[in-house]
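Asker: The following block contains a protein sequence and its predicted model.
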Amino acid sequence: MGAGSAEADRATAAAGVIVCATTAREPLFDGALVRDDAVVIAVGSHEPDARELPSDLLSRAAVVVEDVATALRECGDVVLAVGEGAITATDLVPMADVVTGRVSLRADRPVVFKSSGMSWEDLVVATAVADQGADGEGPPRDPRERRA
């Protein structure tokens, strides 16, 4: 399945969880295809001028980042969306606020987690964000619990 193909577009539109782990320099898909209840986890493209995600997706999503200052400096998905006026720094949600339950993520808009950290952090945070985004209620469950 090639990026931008009809098959890829159908898969994007149907997906509840989308994981991007590439070295892309341009968005991988049309942000309008992403469901309102989807969780998008972007762990690749760690340069301020490269991105996996389109600005229109970030503009309608809750954008969760490990650290706001780092995202504004290193994460092209965020840097470019801010530069295009799609989001502002105050739109970014620190991951600590999601993990501790200070912020609840709504179920009626996409959740984007943009990572700037190490792979072990990505796994823990992606699990927490996906769990929180799945029902939009309360703090995420303990990621060490096994799913049935």
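Answerer: Perfect, thanks for sending it. Numbering: from 1, shown residues only.

Asker: Tell me where the model's unsure across this structure.
Answerer: Residues of the chain meeting the criterion pLDDT under 70: 1-2, 117-122, 132-148.

Asker: now the strands for it?
Answerer: Counting by DSSP state E, residue ranges of the strands within the chain are 17-20, 39-42, 62-65, 92-94, 111-114.

Asker: Which one of these lies nearest to Ala86?
Answerer: Distance to Ala86, taken as C-beta to C-beta, is lowest for strand 62-65 among the strands of the chain, at 9.9 Å. For the C-beta atoms, the positions are set from N, CA and C on the backbone; glycine is no exception.

Asker: ranges for the helices of this protein?
Answerer: Chain-ordered helices for the chain, with DSSP state H as the definition, fall at 6-14, 55-60, 68-74, 76-83, 95-99, 119-135.

Asker: right, and those helices - which one's nearest Ala24?
Answerer: Using C-beta to C-beta and comparing these, the one that lies nearest Ala24 is helix 76-83, at 9.4 Å.

Asker: ok, and for the closest one, which residues are buried?
Answerer: The neighbour-count criterion (16 or more other C-beta atoms under 10 Å) identifies Gly76, Asp77, Val78, Val79, Leu80, Ala81, Val82 as the buried residues of helix 76-83.

Asker: again, but for stretch 7-20
Answerer: Buried, per 16+ other C-beta under 10 Å, within stretch 7-20: Ala8, Thr12, Ala15, Ile18, Val19, Cys20.

Asker: distance of the spatially most central residue of the chain from Ala3?
Answerer: Taking C-alpha atoms, centre = their mean as the criterion, Val112 is the residue nearest the geometric centre of the chain, at 2.1 Å. When C-beta to C-beta, to the nearest Å is applied, the distance between Val112 and Ala3 equals 18 Å.
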